[in-house]
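S.K.: Pasting the sequence and the predicted model now:
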Amino acid sequence: MENKFLQEQIIRSSGVNPRKCMRCGKCSATCPAYDEMEYHPHEFVYMVENGDIEPLMKSRSLYRCLSCFACVDRCPRNVEPAKLVEGVRLAVIREAGQNHLKAEAVAKLAEEDAEIPQQLLVSAFRKYSK
């Protein structure tokens with residue numbers, strides 16, 4: 001997919017305007033997964049804003065985000081970085097043609113990779129089982 005199309009798709013699906021970010025870093029400072037992430041929340045926002053989507057789609061940071069929304073609560077401009085992360089996750093899933101997570105797959109995922117946070121599995125199951 002073309003980067004401009006991906007960028008628009010992610011911004012539209014997340015409902016976030018990344019241009020509102022003033023790069024204060026408060027979102028990253030409050031992130032409980034900060035040490036595990038290759039790209040931190042403020043970097044995620046910046047990369048989406050600039051259309052640098054491909055590295056995000058290939059990054060482990062995408063799956064280290066706990067979707068706890070601490071970054072959303074902390075942002076003084078209501079940018080909501082976690083929603084952008086979810087938008088990129090959806091783009092990866094759409095590109096792979098896998099729009100649904102089945103209940104049987106959750107147990108298998110948990111067994112295969114012990115490093116996957118439980119909250120991520122629950123969030124993914126809730127979101128992709130619809």
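M.R.: Good, I have the coordinates. Numbering: from 1, shown residues only.

S.K.: drop to CA atoms for contacts and neighbour counts, all remaining ones
M.R.: Fine.

S.K.: Okay, and the residue sitting furthest away from the middle of the chain sits in which element?
M.R.: Most distant residue from the mean C-alpha position of the chain: Glu104, 23.3 Å away (C-alpha atoms, centre = their mean). Using DSSP states H and E, the element containing Glu104 is helix 103-112.

S.K.: What of Leu84?
M.R.: Element membership of Leu84, judged by DSSP H and E, is helix 81-96.

S.K.: repeat for Ser13
M.R.: helix 3-14.

S.K.: can you list contacts of the helix or strand following that helix?
M.R.: Per DSSP H and E, the first helix or strand lying C-terminal to helix 3-14 is helix 26-30. Contact with helix 26-30 is made by Tyr34, His40, Pro41, His42, Ala70, Cys71, Val72, Arg74, Cys75, Pro81, as judged by C-alpha atoms under 8 Å, 6 or more residues apart in numbering.

S.K.: So which bits of helix 26-30 are buried?
M.R.: Lys26, Cys27, Ser28, Thr30 (16 or more other C-alpha atoms under 10 Å).

S.K.: could you dump that helix to CSV, C-alpha only?
M.R.: The C-alpha coordinates for helix 26-30 follow below in CSV (Å, rounded to 0.1, in the frame of the first residue of the first chain):
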residue,chain,number,x,y,z
LYS,A,26,4.3,13.6,28.3
CYS,A,27,2.7,10.6,26.6
SER,A,28,6.0,8.8,26.5
ALA,A,29,6.9,9.7,30.0
THR,A,30,3.8,8.1,31.4
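
S.K.: what's the angle between the following helix or strand past it and helix 3-14?
M.R.: Following helix 26-30 in sequence order, the next helix or strand is helix 41-49 (DSSP H and E). With axes from the mean of the first three to the mean of the last three C-alpha atoms, to 10 degrees defining the directions, helix 41-49 sits at 120 degrees from helix 3-14.
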